[in-house]
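Chemist: Sequence and predicted structure are below.
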Amino acid sequence: MKENSLRYKEAGVDIDSGDRFVEKIKSLVRRASRPEVLGGIGAFSGLFQIDVRKYRCPVLVAGADGVGTKSRIAAILDKWNTIGIDLVAMSVNDILAQGAEPLFFLDYLSMGKLDSSRAEKVIKGIVEGCELAGCALLGGETAEMPGFYPEGECELAGFAVGVVEKDRIINGSKIKVGDKIIGIAGNGLHSNGYSMVRKVFGIDDDRSRARTILGSFIGDLGCSLGEELLKPTKIYVKSMLTVLERFKVNGIAHITGGGMKGNIPRILSDGCKAIVHRNRWQAPPIFEIVQRKGNVPDDEMFKVFNMGIGMALVVSSEEAEEIKSELVKKGEGASIIGEIVSGKKEIEII
């Protein structure tokens, strides 16, 4: 071997470190499993055997998402224990919106230099998210990409697959005039609108200044700004699967990027318009704080943020009260926030 021979580690990629990390998290990942999982992590792919006897005509439902620039807040504060929950929530709530039960989840974690302590905290959050959603963490990819990310930062992406009976797919086609809209409370900002929030509070590349801003206690929040911004996205799977077993739900909107303005119209059928009454629920204080400090118009707030409603259901007027009560029994904050009227496929917030 020549004296000046090059090793991959010298280029910034430590394969041995990556292998040790996989071994380290194997026992952790086993916590998020299901009986249908065949084998463990470390193979070229994950195996999941669907019990076809449980279904008449099963349809697989898949979704992919990330956490946006919320990961920048985690990086500034070096707090990584909840961002994995967000990652799972964004995808499992999306496939839940079509009536699907999440079966398994895969993650992609990339950073400039593998920091096993930080990565393990992220994986712990992902495992917790999978436990909350009742799905398996089937596998993933941890990539080391030197020179690609600023120091201390990473990128996250998640992929969820679920199953629903073909005749129970929820796509909004059965929404009709007279239906009611039930809003299920969120847990703050969830994982959308963080570029707006960082602009409003002046959280930029000056890490020291950003940490000071995020560390400031805000009385109306009862915590620091950073603690508020890192509250994990709520996972609605277990409470919603109970509702879907007992009741007919005509439409489900996961209120993510685009807010109510962008997401509720996506599920409306032709000739249906959504009317939402903003005085029927109490939005958490963070939204009013952002709006006031940033001088953000009402219309823009409802285009960017969930405004305290993480998921909206469209149900028949006859079952609306009973469904709301069932959600409350399951620990959700739920209110009847609107109704469907005749009109264009749009939403009006009054």
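Modeler: Alright, I've got the coordinates.
Chemist: Could you list the domains of the protein?
Modeler: 8-168, 180-349 (automatic domain parsing).
Chemist: wait, which of those is closest to Lys174?
Modeler: domain 180-349 (4.5 Å; C-beta to C-beta). The C-beta positions use only the backbone N, C-alpha and C, and glycine is treated the same way.
Chemist: could you pull out the strands for the stretch 1-150 of the chain?
Modeler: Secondary structure of the stretch 1-150 of the chain by DSSP state E, counting those that start in this stretch: the strands cover 37-38, 47-48, 58-66, 101-111, 136-144.
Chemist: least reliable of the domains of the chain going by mean pLDDT?
Modeler: Between the domains of the chain, the one with the least mean pLDDT is domain 8-168; it has a mean of 93.
Chemist: what's the first-to-last distance across it?
Modeler: 51 Å (C-alpha to C-alpha, to the nearest Å).
Chemist: quick one on the thing from earlier: could you dump the strands of the stretch 1-150 of the chain to JSON lines with mean neighbour count?
Modeler: Listed next are the strands of the stretch 1-150 of the chain as JSON lines, based on neighbours: other C-beta atoms under 10 Å:
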{"stretch": "strand 37-38", "mean neighbour count": "16"}
{"stretch": "strand 47-48", "mean neighbour count": "14"}
{"stretch": "strand 58-66", "mean neighbour count": "17"}
{"stretch": "strand 101-111", "mean neighbour count": "22"}
{"stretch": "strand 136-144", "mean neighbour count": "21"}
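Chemist: Please tabulate the ones you listed in a markdown table and include distance to Val92 as additional columns.
Modeler: A markdown table is the format used below for these (distance: least, C-beta to C-beta, whole Å):
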| stretch | distance to Val92 |
| --- | --- |
| strand 37-38 | 16 |
| strand 47-48 | 15 |
| strand 58-66 | 8 |
| strand 101-111 | 4 |
| strand 136-144 | 12 |
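Chemist: sorry, back to before: a markdown table for the domains of the chain, including distance to Lys174?
Modeler: Shown next, in a markdown table, are the domains of the chain (distance: least, C-beta to C-beta, whole Å):
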| stretch | distance to Lys174 |
| --- | --- |
| domain 8-168 | 11 |
| domain 180-349 | 4 |
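Chemist: and the gap between the residue sitting nearest the centre point of the chain and Gly39?
Modeler: Centroid-nearest residue in the chain, with C-alpha atoms, centre = their mean: Met90, separated by 2.1 Å. Note on Met90: its distance to Gly39, by C-beta to C-beta, to the nearest Å, is 27 Å.
Chemist: Show me where the stretch 51-200 of the chain has its helices.
Modeler: 70-77, 83-96, 116-133, 194-201 (DSSP state H, counting those that start in this stretch).
Chemist: Throw the ones you listed into TSV and include distance to Lys329, thanks.
Modeler: TSV is the format used below for the helices of the stretch 51-200 of the chain (distance: least, C-beta to C-beta, whole Å):
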stretch	distance to Lys329
helix 70-77	31
helix 83-96	18
helix 116-133	18
helix 194-201	33
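Chemist: Could you work out which of these reaches nearest to Ile175?
Modeler: Closest among the helices of the stretch 51-200 of the chain, using C-beta to C-beta: helix 83-96, at 17.1 Å.
Chemist: now that closest one, how far from the centre of its chain.
Modeler: With C-alpha atoms, centre = their mean, to the nearest Å as the basis, helix 83-96 stands 3 Å off its chain's centre.
Chemist: now do stretch 51-68
Modeler: 16 Å.
Chemist: List the contacts of it.
Modeler: 36, 50, 83, 86-87, 90-92, 94-95, 98, 100, 155-167, 169, 191-192, 194-195, 256-257 (C-beta atoms under 8 Å, 6 or more residues apart in numbering).
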